[in-house]
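J.: below is the sequence, then the predicted model.
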Amino acid sequence: MKLLIVDDDPLVCQSLRLLLGKEEDFEVIGAARNGEEAVAFCRRESPDIVLMDIQMPVMDGIESTKIIKHEQPSVHILMLTTFKDEKNIRLALQAGAEGYLLKSSSIDKMAAQIRALMSGMMVLHPDVLKTIIEPERKMIEGLTKRELDIVECVAQGLSNKEIGEQLALSDGTVRNMLTVILDKLELRDRTQLAIYYWQRHEA
């Protein structure tokens, strides 16, 4: 898969390019110093994954994510930053980012999360999950309590098997209930479901 690294720190770009480039299934096709360069690069090259920093000069990662996802919805964007405050996390997800990792993540973990994102999963650093998931439950209209349990598990990035283990349900039951939930909410997939959940849980 083709990766673009976006960060205003040349050392970060160089390190990520070197380390991620060692993965057999990754090809780092470029680096950008700010959001404006990232938008231009995506228009030219259409990478599979963009590793996007948040705070950069000229154009930040949030704004460039909005533009890239609007113009090229098939480009996956993974925020890679030092910031784990709730505001930045929510803004990034609302802009269209499908993942949010911290730069403190190990390269092995980062590579695994990139692959998970490409397979259709939303990926979040554990510290980010703690920040964003509120302790109180907010009911979603039209869903039962059990269905809400499943939605919350999806929002935490759990697989169907993990959801089944946590809620004492079979894999088939989880799949069937997810189909019903997506139909009720008129959503396409579990990534949209996770985003829908977080958008409704804004502070």
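T.: Here it is on my side, so go on. Here the structure is a predicted model, which is why all the values come from computation and not from measurement. Residues are numbered from 1 along each chain as shown.
J.: which residue is nearest the middle of this structure?
T.: Gly99 (1.6 Å; CA atoms, centre = their mean).
J.: what segments of the protein are strands?
T.: Assigned by DSSP state E, the strands in the chain fall at 2-6, 27-32, 49-52, 76-81, 99-102, 123-124.
J.: which regions of this protein sit below the pLDDT cut-off?
T.: 126, 129-139, 201-203 (pLDDT under 70).
J.: go with 90
T.: For the chain, residues meeting the criterion pLDDT under 90 lie at 81-91, 93-94, 99-106, 109, 113, 117-146, 155-157, 166, 194-203.
J.: and the top helix by length along it, what other elements does it pack with?
T.: Longest helix of the chain, by residue count under DSSP state H: helix 171-185. On a contact count with 3 or more CB pairs under 8 Å, 6 or more residues apart in numbering; DSSP states H and E, helix 171-185 meets helix 145-155, helix 160-167, helix 190-200. Placement of C-beta: from N, CA and C, glycine included.
J.: out of those, flag the one nearest Ile49.
T.: helix 190-200 (14.3 Å; CB to CB).
J.: give the buried residues for that closest one.
T.: Neighbour-count burial for helix 190-200 flags Arg190, Thr191, Leu193, Ala194, Ile195, Tyr196, Tyr197, Trp198 (criterion: 16 or more other CB atoms under 10 Å).
J.: contact partners for Gly35?
T.: Residues in contact with Gly35 (CB atoms under 8 Å, 6 or more residues apart in numbering) are Val6, Met52, Met56, Val58, Met59, Asp60, Gly61, Glu63, Ser64, Thr65, Ile67.
J.: any chance you could list what contacts the longest helix of the chain?
T.: Helix 171-185 has contacts (CB under 8 Å, 6+ apart) with 140, 142-143, 146-147, 150-151, 154, 160-161, 163-164, 167, 169, 188-190, 192-193, 196.
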